[in-house]
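Novice: got a predicted model here, sequence first, then my questions.
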Amino acid sequence: MDTMKALLERKSVRSYTGEPVTEKQQEQLLKAAYASPVSMGQYDSLVLTVVQNPKLLSLIDDTAAKRFGREKMLYGAPMLIIASVQLKGDASDNAAYSNAATVIENLNLAAVELDLGACHIWGALVAFADNDEVKEALKIDKGFTPVAGLVVGPTEDAYGDRDIPQNRIKTEILD
Ligand SMILES: Cc1cc2nc3c(=O)[nH]c(=O)nc-3n(C[C@H](O)[C@H](O)[C@H](O)COP(=O)(O)O)c2cc1C
């Protein structure tokens, strides 16, 4: 699949077969994450957490359900990859958020290439971003905040041509 095809066919997948992501697929996904650009090349300013343990996935789901009253915010996916960053409460946080989003989108496109379903996850992360107990269970250091994530896994939902509305993002093309 070429890059433009992957970009155009990518969509949020919210149903999963329950089968696991293979080690080889995980390796390819992480390769894509590590190829991501990061502000000023500061790769140590973020941390990725790969969650596959069903107990930990349930812990996140349950924490989100308690917080938002919504079940299955991870859609039963067998893997969640979380990007955590160090937030400082100043303008530099913009780069931190962008770094996390960029890495996660690289992962998303790699998932399309691997014919795996994937969906950005933000809501479920908010539910435990300030919960030290859950962060500890996920081995996320207290100084880091989970700000972006992606669920990934085998799906029966197929990628294909999509109708993408032109100009759905307001765009000013200046002379
Ligand atoms: C930063 C970000 C956070 C998102 N968080 C969630 C989420 O928590 N749960 C969810 O189901 N979808 C989430 N999405 C997916 C968007 O809802 C989706 O990309 C958008 O509606 C467009 O649909 P498409 O991805 O199928 O093109 C998120 C997307 C982005 C970029």
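Specialist: On my side now, so go ahead.
Novice: do a quick rundown of the helices in this protein.
Specialist: In the chain, the segments counted as helices under DSSP state H are 3-9, 23-34, 54-68, 93-113, 123-126, 132-137.
Novice: I figured residue 47 hits residue 84, correct?
Specialist: Yes: using CB atoms under 8 Å, residue 47 is in contact with residue 84, at 4.9 Å. C-betas here are computed from N, CA, C, even on glycine.
Novice: the two: which is more packed in?
Specialist: residue 84 (24 against 18; other CB atoms under 10 Å).
Novice: in the sheet, who's paired with that one?
Specialist: residue 47, residue 146 (DSSP bridges).
Novice: what's the pLDDT at it?
Specialist: At residue 84, the predicted lDDT confidence score is 98.
Novice: same thing with residue 167?
Specialist: 87.
Novice: could you do residue 110 as well?
Specialist: For residue 110, pLDDT reads 98.
Novice: excluding its backbone neighbours, what's nearest it?
Specialist: residue 32 (3.4 Å; CB to CB, 6 or more residues apart in numbering).
Novice: the one you found reaches residue 102, doesn't it?
Specialist: No: Residue 32 sits out of contact with residue 102 when judged by CB under 8 Å, with a separation of 11.2 Å.
Novice: near the ligand, which residues of the protein?
Specialist: Listed as neighbours of the ligand in the chain under the rule CB under 6 Å from any ligand atom: 11, 12, 14, 101, 119, 120, 121, 122, 123.
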